[in-house]
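give me a model of this one.
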Amino acid sequence: MASMQGKWWTLIVVCVATFMLLLDITIVNVALPTIAHDLKGSFSDIQWVIDAYTLTLAALLLTAGTLADLFGRKLIFVLGVGLFAAASLLCGLSPSALFLILARGFQGVGGAMMYATALALLAQEFHGRERGTAFGIWGAAIAASAAVGPLLGGALTDAFGWSSIFFINVPVGVAVVVLSLMRVRESKDPQGRRIDWIGTTTFTAALFLLVLALIEGNSHGWTSPLILALLAAGGGLLVVFVIAELVQRDAMFDMTLFRKPSFTGASITAFAIAAGLFAMFLYLVLYLQTILGYSPLQTGLRFLPFTVVSFVAAAVTGRVSYRFPARALLFVGLLLTGIGLLLWRELTPTSSWTVLLPGFLVGGVGIGMINPVLASVAIGVVPPERSGMAAGINNTFRQVGTAAGIAALGAIFESALTRHLSSQLRGTPGAAHAGQISRAVAAGGAHRVLHAVPAAARGRASQAIHVAYTAALSDILLVGGIVALVAAVLALILVRRRDFVTYSPQEPTAQEPAAVAVSG
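Modelled structure (predicted):
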């Protein structure tokens, strides 16, 4: 009975911790305009609040898994939860945007330690049919975090201020640590791989430099020595990383997995849905609050159709996926995601939020179709002993996609906003300040800008901002739609039935840990 209770306690603490860490990817979005206002943050600060978390999570995910194998999965998990809770407290107490960004980076470190050990902790306690049940419950916790995030973030921000979205993690984290120390069993892998410090260092540095170049490119100029140096250094470090992974015995990324086209197709899909759709949520939130004037809670409610539809579509797809080829489901899911993004381009300066509904519904079905199938493909084309590495790489591509998507779309958005504002303000005193105005508007400060404009000119300025904002949003929606549609074609070409590993009835199936790659 004790062991029975122990394994279910393990499932509870792992699900709660995973829910908490993935919630912090979505819960923050709706609070960003309020954070920017209170901390006097710029547009690049808003981007870094998200990217500091996703970059450290992506960069350290595989390394944290290696540390867990070497020193103990429970130990790394508990340390990760403790670091995450402490960083959350610092986030809530942040006196400046820079302080918040740094604290978010530490949150990502803790999140990587938690996420990398979650599946291993479950696998050591559950076997056979029970393992499938445990992974299914864990997958439901992951899906629920995406569904609840915008709504909970809006409710907390409206009721208690933006700091509350971080403070709520502290008591939850403390409870998880206590239960883990009391109820979770320790385990490690005596044959665990050595830590790939070269891979970890070069990968982390390359991601940081490239994202920094994308975020700062507009303000410094794309041909400035600083931006060119950042791009060259980031690209060079990526080359060093790939070479290091190819020649090392204990590589962080097993590059041989990419010899199978299906695994490459799954990685491209993971990157595309994060860069094309999930990164877009930041700019939709800014639109709903900056242009339409909704509160954080009202914004979260308007994302509810997407989350509900994607949740239902994922459940249905999971039940019927065995009847259809994986590449067909990925193709249709990515196609619907791309169409959903393009449907949002129906926005006009006078639109209400309901114009977003068709895109929410179509895109929600698309993402719901992709998630369970993508998980199965990522680990179904590799031998069982490589499934952990395969799932980790797939999740890394997701987080990198979010970080890169926010940075790249932000660069395009800010440039387009300046261009459209310059056109709209031509012949007015504001034309000379279009760049300054666009940066303030992009950071959620449209109302402050209009308040500073003389009353007689406020009507035209408001119209110019609405026209320019919706035009710039339309530009990046087109980019996101193209990314999703190109990925759909690549998934159809690359994902092949013959790449999947087959098993005898006695062998564990690659489908068991499918939930590992469900997060957005």
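
please state the offset of the helix or strand containing Leu207 from the chain centre?
Leu207 is part of helix 197-220, with elements assigned from DSSP states H and E. Put simply, helix 197-220 sits 17 Å off its chain's centre (C-alpha atoms, centre = their mean, to the nearest Å).

do the same with stretch 65-84
Worked out by C-alpha atoms, centre = their mean, stretch 65-84 lies 22 Å from the chain centre.

how about it: buried residues?
65-70, 72-84 (16 or more other C-beta atoms under 10 Å). C-beta: built from backbone N, CA, C; applies to glycine.

now do that stretch: distance from first to last residue.
Start-to-end span of stretch 65-84 (C-alpha to C-alpha, to the nearest Å) is 16 Å.

what's in contact with that stretch?
14, 17, 20-21, 64, 106-107, 109-114, 116-118, 120-121, 124, 169, 173, 176-177, 180-181, 184-189, 192-196, 250, 252, 388, 392 (C-beta atoms under 8 Å, 6 or more residues apart in numbering).

got the contact list for Leu342?
Gly359, Leu477, Leu478, Gly481.

and the helix or strand that the last one is a member of, what's buried?
Gly481 is part of helix 458-494 when elements are defined by DSSP H and E. Across helix 458-494, burial judged by 16+ other C-beta under 10 Å covers 461-462, 464-477, 479-481, 483-485, 487-488, 490-492, 494.

now Leu335, nearest residue through space, not along the chain?
In this structure, Leu335 finds its nearest non-sequential neighbour in Ala488, 4.7 Å apart by C-beta to C-beta, 6 or more residues apart in numbering.

ok, that neighbour touching Leu329?
No. With contacts defined as C-beta atoms under 8 Å, Ala488 does not count as touching Leu329, sitting 11.0 Å away.

so Ala378 makes contact with Ala390?
Yes. Taking contacts as C-beta under 8 Å, Ala378 lies within contact range of Ala390: 5.3 Å.

next, work out how far apart Phe258 and Asn394 are.
For Phe258, the distance to Asn394 equals 12 Å [C-beta to C-beta, to the nearest Å].

so what sits against both of those two?
Common neighbours of Phe258 and Asn394 (C-beta under 8 Å, 6+ apart) are Ser267.

compare these two (neighbour count), which wins?
Asn394 (23 against 12; other C-beta atoms under 10 Å).

for Trp9, give me its contacts.
Trp9 sits in contact with Leu179, Arg183, Val184, where contact means C-beta under 8 Å, 6+ apart.

need those in TSV with pLDDT, can you?
As requested, the contacts of Trp9 are arranged in TSV below (pLDDT from 0 to 100):
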residue	pLDDT
Leu179	92
Arg183	86
Val184	86
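
got a winner among these for most neighbours?
Val184 (23 neighbours).

just list the residues touching that residue, thanks.
Gly6, Trp9, Thr10, Val13, Lys74, Phe77, Leu121.

pick the one among these closest to Ser295.
The nearest member of the contacts of Val184 to Ser295, counting by C-beta to C-beta, is Val13 at 34.0 Å.

helices or strands next to the lowest-mean-pLDDT helix or strand in the chain in the packing?
None of the helices or strands of the chain scores lower by mean pLDDT, DSSP states H and E than helix 446-452, at a mean of 71. Contact analysis of helix 446-452 by 3 or more C-beta pairs under 8 Å, 6 or more residues apart in numbering; DSSP states H and E lists helix 434-442, helix 458-494 as its packing neighbours.
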